[in-house]
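Trainee: My questions concern the predicted model and sequence given below.
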Amino acid sequence: MLRITDLEVSYGDFQVIWGVSLEVGAGEVVSLMGPNGCGKSTIFNTISGLLKSKAGTIELDGQRIDNLPSHEIVGLGLAHVLERRRVFPYLSVRQNLWLGAYNPKAKAHRDETIEQVFDRFPRLRERQDQLAHTLSGGEQQMLALGRGLMSRPRLLLIDEPFLGLAPGVAKEMMDMIASVNATGVAVLFIEQNVQVALSMSNRGYILESGRMVLTGKPEELLNSGEVKRIFLGG
Ligand SMILES: Nc1ncnc2c1ncn2[C@@H]1O[C@H](COP(=O)(O)OP(=O)(O)OP(=O)(O)O)[C@@H](O)[C@H]1O
Ligand SMILES: [Mg+2]
C-alpha cells in the first residue's frame, strides 16, 4: 500500500534522512522506532507532504505521492496524526473533528463519520462543545486520532500516540488503534518503547541517525543484539 524507496530529506543543508526504504501492506500495523532526533517525525512529515524530499520516491497504491500537496494526499486516503497531539486549542471538539473532514469525499460523509468517532470515543461526544485546550492530555490524543479518522483514511500515520499518557490511558489508546485496524485501516506509528511498539505490530523498523538499520517481525527484533545496542547502549 505504502512504499518508500531510498528517501533522502534535508533541512536546508542539513540532511537528516539517508536512503530510507519502508513498506506498509494493506491492513498491516507497522511501527517505526528509534532514538530521539533520529528522523522519525521527519519521515512522517515527508510522507504526508508537509516536507519535500530531496531524493527517493513515496508511492501509495503504486501512485507517486512525493510531489503532491498535503490536502491531495489526505484525499487519497492517508491521514497523519501529528506528534504532540496538535489540536486547534480555541476550537471546540466538534469543530476540530469537522476540520478533519475537509476533503470533498470525506465532507460528504461528515455527519455519519462524526457519529462513528463519537461511538469510538464516548468522551469526545460528551465534550463536543468544549474548547480543545481544556481537554486532558489523553482526551486531546483521542481528539487528534478522531480528527485523523474523520478523513476516512485507509492508512493512518500516528506519531507517538502514547507520549505522556498514563498507563491506563495508553492501554485505552492501544485498544482504540487495534479496533481501527480491525476495520481494515492500515496503521504506521512511531513509538520509542520497543516492547510496547512490537506488542501491537505485525512488523517493525528501526531507524538510527537517519538510516534504516533493521526491520523484521516482533520476535526477530526483540531478540536482536543490534536493537539492544541502539536502545540500551550495550
Ligand atoms: N524544522 C527543522 N529545521 C531544522 N532541523 C530540524 C527541523 N525539524 C527537525 N530537525 C532536525 O532533524 C533531526 C530529526 O528530527 P525529528 O523530529 O525527525 O526526529 P524524531 O526521531 O522524530 O525525534 P523525537 O523522538 O525526539 O520526536 C533532528 O536533528 C532535528 O533537530
Ligand atoms: Mg518525533
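Mentor: Nice, thanks for sending it over. Ligands and ions are numbered 1, 2, ... in the order given.

Trainee: On the three-state scheme, the residue nearest the centre of the chain is what?
Mentor: Nearest residue to the geometric centre of the chain (CA atoms, centre = their mean): residue 158, 1.7 Å. With DSSP: H, G, I helix; E, B strand; the rest coil as the basis, residue 158 sits in strand.

Trainee: Tell me what it is bridged to.
Mentor: residue 81, residue 189 (DSSP bridges).

Trainee: what sits against it?
Mentor: Going by CB atoms under 8 Å, 6 or more residues apart in numbering, residue 158 touches 81, 145, 148, 177, 187-190. All C-beta spots, glycine's among them, are computed from the backbone N, C-alpha and C.

Trainee: Model confidence for it, exactly?
Mentor: Per-residue pLDDT puts residue 158 at 96.

Trainee: ditto for residue 85
Mentor: The model's pLDDT for residue 85 equals 79.

Trainee: Tell me how far the residue nearest to the centre of the chain lies from residue 107.
Mentor: 23 Å (CB to CB, to the nearest Å).

Trainee: For this structure, which residues are neighbours of ligand 1?
Mentor: 11, 14, 16, 34, 36-42, 83 (CB under 6 Å from any ligand atom).

Trainee: With secondary structure as extra columns, can I get these in a markdown table?
Mentor: Converted to a markdown table, these look like this (three-state DSSP):
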| residue | secondary structure |
| --- | --- |
| 11 | strand |
| 14 | strand |
| 16 | strand |
| 34 | coil |
| 36 | coil |
| 37 | coil |
| 38 | coil |
| 39 | coil |
| 40 | helix |
| 41 | helix |
| 42 | helix |
| 83 | coil |
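
Trainee: tell me the two of those residues that are most distant?
Mentor: In the residues of the chain next to ligand 1, the most distant members under the criterion CB to CB are 14 and 83, with 19.0 Å between them.

Trainee: Pick out whichever of these two has more residues nearby.
Mentor: Comparing residue 14 with residue 83 by other CB atoms under 10 Å, the one with more neighbours is residue 83, at 17 against 7.

Trainee: mind listing what the more buried one touches?
Mentor: 41, 44, 159-160, 163, 190.

Trainee: To what extent is residue 120 buried, counted in neighbours?
Mentor: For residue 120, using other CB under 10 Å, the count is 17.

Trainee: Apart from its chain neighbours, what residue comes closest to it?
Mentor: residue 176 (6.6 Å; CB to CB, 6 or more residues apart in numbering).

Trainee: same thing with residue 161?
Mentor: residue 173 (5.4 Å).

Trainee: And the one you found, which helix or strand is it part of?
Mentor: Assessed by DSSP states H and E, residue 173 sits inside helix 167-182.

Trainee: how far is that helix from where the chain is centred?
Mentor: In terms of CA atoms, centre = their mean, to the nearest Å, the centre of helix 167-182 is found 13 Å from the chain centre.
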